[in-house]
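Undergrad: Quick one: sequence plus predicted model below, questions after.
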Amino acid sequence: MGVFRASRILSFLRDDSGQATTEYIVLLAAIVIGASAMARQILQTLEQGVLRLGGQLERDLKTGKAPLGIWTN
């Protein structure tokens, strides 16, 4: 029985029929992780810009010191 298990383990280790599928899964996981990290960075940058714009607008409205040409069409 021990020889049978050893030969099955060796044949399993030598079998590469699922190698391509595994490589695709690893590649897909790397792409998903990279895309989510990029999306997080883009959202943080966008959020910082919106907060900066909101803060500047709040200061301008409180002080009445908006630039002269800001409201012209």
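TA: Done, it's in.
Undergrad: Now do residue 21 against residue 31, distance only.
TA: Separation of residue 21 from residue 31 (CB to CB, to the nearest Å): 16 Å. For every residue, glycine as well, the C-beta is placed using N, CA and C.
Undergrad: show me where this structure has strands.
TA: Along the chain, counting by DSSP state E, no stretch forms strands.
Undergrad: quick one, what contacts residue 31?
TA: Taking CB atoms under 8 Å, 6 or more residues apart in numbering as the definition of contact, residue 31 has no neighbours.
Undergrad: Could you check the pLDDT of it?
TA: At residue 31 the predicted local confidence, pLDDT, stands at 97.
Undergrad: Also the one 4 residues further on?
TA: Confidence at residue 35, expressed as pLDDT, is 97.
Undergrad: OK, contacts around it?
TA: Taking CB under 8 Å, 6+ apart as the contact definition, residue 35 lies against nothing.
Undergrad: where does it sit relative to residue 12, distance-wise?
TA: For residue 35, the distance to residue 12 - CB to CB - is 34 Å.
Undergrad: got it, and residue 37?
TA: With the distance defined as CB to CB, residue 37 ends up 35 Å from residue 12.
Undergrad: Compute the number of surrounding residues for residue 60.
TA: 13 (other CB atoms under 10 Å).
Undergrad: Oh, that last question was meant for residue 55, not what I typed.
TA: A count of nearby residues for residue 55, using other CB under 10 Å, gives 10.
Undergrad: likewise the one 4 residues further on?
TA: Counted with other CB under 10 Å, the neighbours of residue 59 add up to 11.
Undergrad: Show the model's pLDDT score for it.
TA: 85.
Undergrad: now do residue 67
TA: If you check residue 67, the pLDDT there is 65.
Undergrad: Any regions of this structure where pLDDT drops low?
TA: Within the chain, the set of residues satisfying pLDDT under 70 comprises 1-4, 66-73.
Undergrad: quick one: the helices in it?
TA: Defined through DSSP state H, the helices belonging to the chain, from first to last, are 2-14, 19-63.
Undergrad: now the first one: how far from the chain's centre is it?
TA: Once both centres are worked out by CA atoms, centre = their mean, to the nearest Å, helix 2-14 turns out to sit 41 Å from its chain's centre.
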